[in-house]
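> below are the sequence and a predicted model; questions follow.
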Amino acid sequence: MIVKNSKDEIQKRTDSGQINRTFTILIVLVRPALFLGVQGLMVLLLIALKYKTPALTATSWWTVYGTLVDFGCLLTIFLLLRREKIRISDLLNFDKSKISWDLLIGLGIIIIVFPLTIFTGSVIANSSVYGSLQPVLPPGNPMTRTLPIWAALYSKMLWWIMSASTEELIYQGYALPRLQVFFGRTWPAVLWVGFGWALQHSFLPFINLKYAIFAFLLFFPLTIALQLIYLRVKRLFPLIIGHWGMDCISTIFMISSF
């Protein structure tokens, strides 16, 4: 059985000109750019609606307008894969005979990898950016947000399903294995994907430069750990399961409604 997302198959499509190196290298920056751009549009909308603090208000809505970012990312992946003549399902390498093992790996990500890497990242980010392990974060940070009940329900019940899946598809399913082929080594690919993936969190939402650096450092260890797991299991589904759990837990505890 031919695994279309394997190194050998990717190399063949690269040699035949089906994979554009520049587009593939830059794809890790698409999601951060889209989040920044859509947040800007949200601010303009709130200005038009006469909100008193449009920039601050917009910071609470990223789990709603983030779906537009997901659509943009999925469209980008679809267009690039059409050039390669493969499908999004080819990125998953799903194996139903390993579903139990995939569920176990996903659970391990949720209860072990996620808290350990976020703890490590928080120590690094808090001490290096704010000079304290218990800093006062600026208004608008995503740790506590209030949304209308419909937006809160959407965020808690639906947003994370598409968001987590899209992140794993664009960073791990698409970018990482192709960059491994382009760079000829694994570690530069992991670092570059980790950079783009962590940078995305600098704009969830963008508040100021200092907080952006904090968010980058906070999530960078997690992005590296998830890639190492993917490189080991070579299947995307367990990573999506783990990511679903991480995002679901985050929205449940960080969003309240009015």
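Structure received. Numbers count the residues shown, from 1 in each chain.

> for this protein, which residue occupies the most central location?
The chain has E167 as the residue nearest its centroid, 3.9 Å off, counting by Cα atoms, centre = their mean.

> what helix or strand is that one on?
Assignment of secondary structure by DSSP states H and E places E167 within helix 160-167.

> tell me which residues in the helix or strand just after that helix are buried?
Sequence order places helix 176-183 as the next helix or strand after helix 160-167, per DSSP H and E. Across helix 176-183, burial judged by 16 or more other Cβ atoms under 10 Å covers L176, P177, R178, L179, Q180, V181, F182. No exception for glycine: its C-beta is placed from N, CA and C like everyone else's.

> again with stretch 222-232
For stretch 222-232, burial by neighbour count (16+ other Cβ under 10 Å) applies to L222, T223, I224, A225, L226, Q227, I229, Y230.

> now secondary structure too, for the residues you listed, in a markdown table please.
Listed next are these as a markdown table, based on DSSP: H, G, I helix; E, B strand; the rest coil:
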| residue | secondary structure |
| --- | --- |
| L222 | helix |
| T223 | helix |
| I224 | helix |
| A225 | helix |
| L226 | helix |
| Q227 | helix |
| I229 | helix |
| Y230 | helix |
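
> between those, which sits nearest P148?
Of all the buried residues of stretch 222-232, P148 sits closest to L222, with 29.7 Å by Cβ to Cβ.

> now do the contacts for that closest one.
By Cβ atoms under 8 Å, 6 or more residues apart in numbering, the contact set of L222 is V113, F114, T117, I118, G121.

> now swap in W197 and tell me
Per Cβ under 8 Å, 6+ apart, neighbours of W197: V28, E167, Y171, F219, T223.

> the first one and A189 touch, don't they?
No. V28 sits out of contact with A189 when judged by Cβ atoms under 8 Å, with a separation of 9.9 Å.

> what touches both of these two?
Here V28 and A189 have A175 as joint contacts, going by Cβ under 8 Å, 6+ apart.

> low-confidence stretches in the stretch 101-250 of the chain?
Judged by pLDDT under 70, the stretch 101-250 of the chain has no weakly predicted residues.

> if we can go back for a sec, ChimeraX command to pick out the buried ones of the contacts of L222?
To isolate in ChimeraX the members of the contacts of L222 that are buried, counting by 16+ other Cβ under 10 Å, one can use:
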select :113,114,117,118,121
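
> pipe the contacts of L222 into CSV and attach secondary structure per row.
CSV is the format used below for these (three-state DSSP):
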residue, secondary structure
V113, helix
F114, helix
T117, helix
I118, helix
G121, helix
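
> rebuild the contacts of L222 as JSON lines, extending it with distance to P135.
Below are these laid out as JSON lines (distance: Cβ to Cβ, whole Å):
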{"residue": "V113", "distance to P135": "24"}
{"residue": "F114", "distance to P135": "21"}
{"residue": "T117", "distance to P135": "19"}
{"residue": "I118", "distance to P135": "15"}
{"residue": "G121", "distance to P135": "14"}
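
> sort out which one of the contacts of L222 lies nearest T146 for me.
Nearest to T146 among the contacts of L222, counting by Cβ to Cβ, is I118 at 22.7 Å.
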